[in-house]
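Kindly generate the corresponding structure for this input.
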Amino acid sequence: MKTYVVGGAVRDALLGLPVQDHDHVVVGATPDQMIALGYRPVGKDFPVFLHPETNEEYALARTERKTAPGYKGFVFHAEPDVTLEEDLVRRDLTINAMARADDGSIVDPFGGRRDLQARLFRHVSEAFLEDPVRILRVARFAARFTDFTVAPETNALMCRMVEAGEVDALVPERVWQELSRGLMEARPSRMFDVLRACGALGRILPELDALWGVPQPAKHHPEIDTGVHVMMVVDYAARTGCSLPVRFAALVHDLGKGETPAEAWPAHHGHEGQGVRLVEQVCKRLKIPSDCRDLAVMTAREHGNVARAFELRADTIVKLLERCDAFRKPARFAEMLLAAECDSRGRAGFEDTPFPQRAWLEQALAAAAGVNAGAVARQHAAQPARIPEAVRAARVAAVSALAGSEQQ
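I've put the predicted structure just below:
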C-alpha cells in the first residue's frame, strides 16, 4: 500500500503557488483495509475516504470506462492491482496528472512538468473525449492561469466533443458550478475565449455568444464589438474584487444587444428590455441562484438609467428606487450600481474615468430613505388612501432638495 499526493497540489507547488487542498491516491489497498486503518468512506461512485485526523481525501487508484453520454456515464474499477500510472492516465490535463511520493519525488509519466514550463494545457489521453466537464475545466483553468494557452491538439479534441453533442449532455448545475468558479478567477474573459474557440459557448450560452461581431457606437464604445466590451466589463469586475453576483450581472448586462436588427446597428435602442427577457431565459435554463439572477435582471434593466442618472428628474429617480426595491434592499441596489460602474469602465480608454453616477444615486437613496414615512402617514390619517402618494411626494422633495444643494 502506497499513497501519493496528486493533481492540483503537485501542480501548484511546482508553480510556487499556495496549495489549498491535498488529494491523495492510494495504490495497492482495498476498502476494507482503509476502513480498518480508521479512514471514513465518503465516495458514492468509487472508493474515496477521509483521513481520520486531517480529513483530507484519499481515493483508491482506479480506472474508468465510458458507458453512456454525459459526465455521469462511467463505470469505475478500483482494485489493489490498479497502478498509479493507470490512475493518472484518466486525468484531464498533463499538468494535473503528476504525483508526489512520500519521499518528495515527482512521478510524471505524461510530461506535466514540460507543459508547466511551456505554459500549455494539454490533454493526457484520448480519454479526455469522454467527459464534457473537462471542456469547462480547461476554460476555468485559463481564467486562473492567465499566461497558459490550450494546446492545438487539445482544442481540436474539444471541438470534436462539441460537434458530437457531448456538451449538450451537461446538467445545468454542473455548468453553473464551473462558470461561477471561472467568474471568480483573475481574468474571467479567458474562460469565455476558450469556450468560444471550441464552439462550446454557442451551446452553453448562445445568448452571450451572439454578442461577438455586434457593433456599438465608436463614440461611446471605442472597442466597438459588444462581445469584446462585455469581456472588458467582467474583467474589470474581477480586477476590482467584485462579488459573484456583480460579476455575473456584468457578464449578462448587454445580452439584449444580440437581438438588435443589423439594419439598426450600431444603435441599440431598447436593448435593456430585450436583455431582461434573455437574462431570465439564461437563469431559468442554467438554474442560476436567486441572488445572481435578481441582480443580473435588475442590472440589465437599469444600467442605462444609471448611466443617465444626472439627466433624471427627482420623481424619476424615486421611481427607479422603488422599481429596484432599494428602500428594503439597499445592499442589492448598491451592487447594481457597482455593476453599472463596471459597465462604464469596461470600455477602451474609460478604465480610469470617474463614474459619479454611482455616488449620486447612493446619496439620492439615503435622502429618500431619510423621509419619516410614519410621520407622513400620521399627517394623512384621515385619508389613508393618500398615504403612499404623500410618502412618495416627500421622497421626491428630499431628492430635489439634495439636487439643489449639489448644484449650489
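
CA only for contacts and neighbour counts going forward, please
Noted.

Low-confidence bits of the chain, can you list those?
For the chain, the stretches flagged by pLDDT under 70 are 45, 65-75, 406-408.

Determine the number of other residues adjacent to the residue lying closest to residue 2 once chain neighbours are set aside.
Using C-alpha to C-alpha, 6 or more residues apart in numbering and skipping residues adjacent in sequence, the residue nearest residue 2 is residue 27, 5.2 Å away. The local packing of residue 27 (other C-alpha atoms under 10 Å) involves 22 other residues.

Now do the contacts for residue 27.
1, 2, 3, 60, 61, 80, 81, 82, 83, 84 (C-alpha atoms under 8 Å, 6 or more residues apart in numbering).

Tell me which entries of those residues lie within strands.
Assigned to strands by DSSP state E, the following of the contacts of residue 27 qualify: 2, 3, 60.

Most neighbours among these, which one is it?
Going by other C-alpha under 10 Å, residue 60 tops the ones in strands among the contacts of residue 27 with 26 neighbours.

For that residue, give me its contacts.
25, 26, 27, 29, 30, 31, 47, 48, 78, 79.

try residue 299
Counting by C-alpha under 8 Å, 6+ apart, residue 299 touches 249, 250, 253, 336, 339, 340.

residues near the fifth one, how many?
What that stands for is residue 339. If you count neighbours by other C-alpha under 10 Å, residue 339 ends up with 32.

and the gap between it and residue 256?
16 Å (C-alpha to C-alpha, to the nearest Å).

top of the contacts of residue 27 by neighbour count?
Counting neighbours by other C-alpha under 10 Å, residue 61 comes out on top of the contacts of residue 27 with 28 neighbours.

Next, that residue: phi, psi?
As for residue 61, its main-chain torsions (degrees, to the nearest 10) stand at phi -60, psi 140.

Show me what the longest helix along the chain is packed against.
When the chain is parsed with DSSP state H, its longest helix is helix 387-407. Counting contacts by 3 or more C-alpha pairs under 8 Å, 6 or more residues apart in numbering; DSSP states H and E, helix 387-407 is packed against helix 314-323, helix 356-369, helix 373-379.

could these be laid out in JSON lines, adding distance to residue 392 and mean neighbour count?
JSON lines is the format used below for the helices and strands packed on helix 387-407 (distance: least, C-alpha to C-alpha, whole Å; neighbours: other C-alpha atoms under 10 Å):
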{"stretch": "helix 314-323", "distance to residue 392": "8", "mean neighbour count": "18"}
{"stretch": "helix 356-369", "distance to residue 392": "9", "mean neighbour count": "19"}
{"stretch": "helix 373-379", "distance to residue 392": "9", "mean neighbour count": "14"}
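
between those helices, which gets nearest to residue 236?
For the helices and strands packed on helix 387-407, distance to residue 236 was read as C-alpha to C-alpha. The smallest value, 16.0 Å, belongs to helix 356-369.
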